[in-house]
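Novice: Starting from these lines, generate the structure:
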Amino acid sequence: MTIIAWSQWSDINVPAGVELRSEATHPLATSDLTDITFYVPKYFSWRQGLEYVLQMPQLQYLQMPNAGYDDALEYMREGLILANAAGVHNDSTAELAVGLAIAARRGFVDFVRAQDKGEWVHQRYTSFSDSKIGLIGYGSVGKTIAKNLSGFAVEVIPFTRSGADGSKKISELNSYLPTLDIVILILPLTPESKHLFGKERLALMKDGALIVNVARGGIIDTDALLLELNNRRIHAALDVTDPEPLPQEHPLWSAPNLLITPHVGGDSTAFEPRCRRLVEAQLARLARGEEIINIVARGK
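Specialist: As a prediction, the model looks like this:
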């Protein structure tokens, strides 16, 4: 049986038994998609890219180009297998997480603003070194962040729901929060993790602490975070927001003690070659009659 695959790349290597289609040959908006069996939405196409699943009645495999897959769950149906891009974004997201933490601690935002005005403003900022860092989420990206942090004079305490791999349980998080200088969020958005950091938990963070979110915007209650930022009690560095994209007039843009990047954690030059290799490997597995990797959900 021929595998009909759609990917944004028309030049990836596919084995015998796979027919490759792409935007160059079969534009999603104008092509018949009824025989597609393996689909990779275009990176950062979000809901628009996922909506095409509704036009693919023969689809068996939905391969996300992201590590996060919460937005794809509503498109699951009987027989459909969902896989994510675990591993593809590890290094890019980890380097941004560490970079955001250092930039927020050492005042990079203030330096850039002063540079724009041609002003030499010397002041002392909080050191990144000697920090106690809570790493909320300890999957492949979380472990890469921990590896990157191992070269710094910091203490890292990972947290997971299960307490696996030497981590603390998230159920214990409240007792640790008052002692943490930096909190880095890198866990999936689920019903359990939505607004994991709301008013009560943000209030437990120590004065002057920093929260870094490279996971999903909905893990933090935006209104509660705004209250803390406007009181200048804590700091934040966000690669993801709720809502997203952040509307131009949203109050987060003008909040103090905040550094925002536009969801670029995994979107570096490392993405494309790594994701292409993943798609090629998945199609090769299917051609050999093997199960694909990175399966995160099965439609029932």
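Novice: Need phi/psi at the residue nearest the centre of the chain.
Specialist: The centroid of the chain falls nearest to A215 when counting by C-alpha atoms, centre = their mean (4.1 Å). Backbone torsions of A215, given as degrees, to the nearest 10, read phi -110, psi -100.
Novice: what's the answer for L259, then?
Specialist: Backbone torsions of L259, given as degrees, to the nearest 10, read phi -120, psi 130.
Novice: Quick one: residues contacting the spatially closest residue to the residue nearest to the centre of the chain that is not a sequence neighbour.
Specialist: In space, and not counting its chain neighbours, A215 is closest to L185: 4.6 Å by C-beta to C-beta, 6 or more residues apart in numbering. Where you see a C-beta, it was placed from the backbone N, CA and C, and this is true even at glycine. L185 sits next to 136-137, 196-197, 211-215, 219-220 when contact means C-beta atoms under 8 Å, 6 or more residues apart in numbering.
Novice: now L185, which residues is it bridged with?
Specialist: For L185, the beta-bridge partners under DSSP bridges are I136, N213.
Novice: could you pull out the helices for the stretch 201-300 of the chain?
Specialist: Under the criterion DSSP state H, counting those that start in this stretch, the stretch 201-300 of the chain contains helices at 222-230, 271-287.
Novice: okay if I get these as TSV plus mean pLDDT and mean neighbour count?
Specialist: Below are the helices of the stretch 201-300 of the chain laid out as TSV (pLDDT from 0 to 100; neighbours: other C-beta atoms under 10 Å):
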stretch	mean pLDDT	mean neighbour count
helix 222-230	98	18
helix 271-287	97	18
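Novice: distance of the nearest residue to R233 once chain neighbours are set aside from S150?
Specialist: For R233, ignoring the flanking residues on the chain, the nearest one in space by C-beta to C-beta, 6+ apart is D207 at 5.7 Å. With distances taken as C-beta to C-beta, to the nearest Å, D207 is found 28 Å from S150.
Novice: so the residue nearest to the centre of the chain makes contact with D242?
Specialist: No: A215 lies out of contact with D242 (C-beta atoms under 8 Å); the separation is 11.1 Å.
Novice: Break this protein into its domains for me.
Specialist: The chain breaks down by automatic domain parsing into domains covering 3-86+269-298, 90-260.
Novice: Let's see stretch 206-223 as PDB, backbone CA atoms only.
Specialist: Output in PDB follows, covering the C-alpha atoms of stretch 206-223 (Å, rounded to 0.1, in the frame of the first residue of the first chain):
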ATOM      1  CA  LYS A 206      10.200  35.300  46.600                       C
ATOM      2  CA  ASP A 207      10.500  39.000  46.100                       C
ATOM      3  CA  GLY A 208      12.700  39.700  43.100                       C
ATOM      4  CA  ALA A 209      12.400  36.200  41.700                       C
ATOM      5  CA  LEU A 210      12.200  35.500  37.900                       C
ATOM      6  CA  ILE A 211       9.800  33.300  36.100                       C
ATOM      7  CA  VAL A 212      10.800  32.100  32.500                       C
ATOM      8  CA  ASN A 213       8.200  30.500  30.300                       C
ATOM      9  CA  VAL A 214       9.400  28.600  27.200                       C
ATOM     10  CA  ALA A 215       6.500  26.100  27.300                       C
ATOM     11  CA  ARG A 216       2.900  27.400  26.600                       C
ATOM     12  CA  GLY A 217       1.400  30.700  27.600                       C
ATOM     13  CA  GLY A 218      -1.600  29.200  29.300                       C
ATOM     14  CA  ILE A 219       0.500  27.700  32.100                       C
ATOM     15  CA  ILE A 220       0.600  31.200  33.600                       C
ATOM     16  CA  ASP A 221      -2.500  33.100  34.400                       C
ATOM     17  CA  THR A 222      -1.800  36.300  32.500                       C
ATOM     18  CA  ASP A 223      -4.000  38.600  34.700                       C
END
